[in-house]
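Asker: Show me the folded form of this:
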Amino acid sequence: MNLSRLATVVAATVTLGGSLPLAAVSPAHAQQAGFQVCGNAGLGYCLNDWNNGGSGSPVKMYYGGYSNDDFYYTPEFICNGTDLVQVYAGGGCPFTPGTGLNSDYVNDEIVEVTYGNNTNLCVATTGSAQAVMGNCEETGDAANGVIMVLGQLNCNGNSFVDRYWSDKDTTSVYLQSGGNPGVQATFAITGSPTCWA
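Answerer: You can find the predicted model right below:
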């Protein structure tokens, strides 16, 4: 259950005069197991390590609360010891200097979308911009596409701006929901990024 869903359940229970066990009202945290990353501000289909395939397997969309959907985002402290996009004389971080992307996302958080059942795997990309499971940055052998920036959206969620594709295309490229159960997530240039929560 994501934070917005938990808040809704707690508010509804308090309003109706009910009670929840104490464990149900403890705050969730993005780095705990059991978190899901779902489109439509957390109300849509969720990222899923399809058939628990592991490294190289597709990341597809599925209903929340099912097996293989234990994804969460982890801050990445790769810019001068901070996990925030930086702009400084002569460039910036984490995007390639000269693209303008560091200025576009200055002070936004740098993350990986990590798979909780295997902390060495994150959402990565194929050469054809399909979302797959790949090695996280911490492995020392990071897969393409694992570093992302949480772009701010007016949707009660965030976009995931992918560093690999954005640097390659010199414009914002987003992790996009496949839109339906069983459809693979992709990386795309779009005017309507998926609102993840």
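Asker: now the helices for the protein?
Answerer: 3-15, 22-25, 101-104, 163-169 (DSSP state H).
Asker: which one of the ones you listed has the lowest average pLDDT?
Answerer: In terms of mean pLDDT, the lowest-scoring of the helices of the chain is helix 22-25 (a mean of 26).
Asker: Spell out which residues make up each domain of this protein.
Answerer: Per automatic domain parsing, the domain ranges recorded for the chain read 1-30, 34-188.
Asker: Contacts only, for N102.
Answerer: N102 is in contact with 85-87, 91-95, counting by Cβ atoms under 8 Å, 6 or more residues apart in numbering. Glycine gets a C-beta too; all of them are placed from N, C-alpha and C.
Asker: try 7 Å
Answerer: Contact analysis of N102 by Cβ atoms under 7 Å, 6 or more residues apart in numbering lists 85-87, 92-93, 95.
Asker: among those, which ones are buried?
Answerer: Among the contacts of N102, the ones that count as buried by 16 or more other Cβ atoms under 10 Å are 85-87, 92-93, 95.
Asker: from these, which is closest to E112?
Answerer: V85 (14.5 Å; Cβ to Cβ).
Asker: Can you give me the distance of the closest one to F77?
Answerer: 12 Å (Cβ to Cβ, to the nearest Å).
Asker: what's the answer for Y105, then?
Answerer: 16 Å.
Asker: who has more neighbours, these two?
Answerer: Y105 (25 against 11; other Cβ atoms under 10 Å).
Asker: Please name the residues that touch the closest residue to that one other than its chain neighbours.
Answerer: Closest residue to Y105 apart from its sequence neighbours, by Cβ to Cβ, 6 or more residues apart in numbering: V85 at 4.5 Å. Contacts for V85 (Cβ under 7 Å, 6+ apart) come out as 79, 94, 102, 105-108, 110, 149.
Asker: out of those, what pair is the most spread apart?
Answerer: P94 and N107 (12.7 Å).
Asker: Compare the two (neighbour count), which wins?
Answerer: Shown here are P94 and N107; by other Cβ under 10 Å, P94 has more neighbours (21 against 10).
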